[in-house]
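Asker: Sequence first, predicted model second:
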Amino acid sequence: MSIKGFKRLRRQWLRRVYGAVVIALLMISVGGAVAESCVTPQRPFVPSDPKARRDYADIIRRDFELYIRDIQNYFRCLDEERARAFEEAQEVSAEYGRFLGLVGN
């Protein structure tokens, strides 16, 4: 693998690590507000160079496994957010009905 290809893989890995750190810090600092946000996981990168794929097979395999885990968590988050939003919409609808009853419309 060329130095350029290695540097690109390293840059992508660092971006992923920095992104995870930023998300973790946001979750700690903002608490529940971020818990309602579902973050789409980043697709795994597969180098086009066959030698790079062989050389970094373990890292690439791990990236795919992490993606599969994270996409499952993302789907769960979307389901939970949908349920929360549906419940909120029902509450707002009922509240609106009470409001209309009070103002006579």
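Answerer: Sure thing, it's come through. The shown structure was predicted, so the numbers you read here are calculated from the model rather than taken from an experiment. Numbering: from 1, shown residues only.

Asker: The residue positioned nearest the centre of the chain in helix, strand or coil?
Answerer: Most central in the chain under Cα atoms, centre = their mean is Val39, positioned 2.4 Å from the mean C-alpha point. Using DSSP: H, G, I helix; E, B strand; the rest coil as the criterion, the local structure at Val39 reads coil.

Asker: Make sure it is actually in contact with Tyr74.
Answerer: Yes: Val39 is within contact range of Tyr74, at 7.1 Å (criterion: Cβ atoms under 8 Å). (Each C-beta comes from the backbone N, C-alpha and C, glycine too.)

Asker: can you tell me which helix or strand Gln42 belongs to?
Answerer: Using DSSP states H and E, Gln42 sits in no helix or strand.

Asker: what about the residue lying closest to Cys38 once chain neighbours are set aside, how many neighbours?
Answerer: Spatial nearest neighbour of Cys38, chain neighbours left out: Cys77 (3.8 Å); criterion: Cβ to Cβ, 6 or more residues apart in numbering. Look at Cys77: counted by other Cβ atoms under 10 Å, it has 16 neighbours.

Asker: ditto for Glu65
Answerer: Per other Cβ under 10 Å, the neighbour tally for Glu65 reads 11.

Asker: That one is in what secondary structure piece?
Answerer: Using DSSP H and E, Glu65 sits within helix 57-103.

Asker: in the protein, which helix or strand is least confident?
Answerer: In the chain, the helix or strand scored least confidently by mean pLDDT, DSSP states H and E is helix 32-35, which has a mean of 45.

Asker: Give me the next element, helix or strand, following that one.
Answerer: For helix 32-35, the following helix or strand on the C-terminal side (DSSP H and E) is helix 50-55.

Asker: gap between that following helix and the chain center?
Answerer: Relative to its chain's centre, helix 50-55 lies at 28 Å (Cα atoms, centre = their mean, to the nearest Å).

Asker: Averaged pLDDT, it. What do you get?
Answerer: Helix 50-55 comes out with an average pLDDT of 96.

Asker: Likewise for stretch 12-30?
Answerer: Across stretch 12-30, the average pLDDT comes to 60.

Asker: ok, now stretch 67-82?
Answerer: 97.
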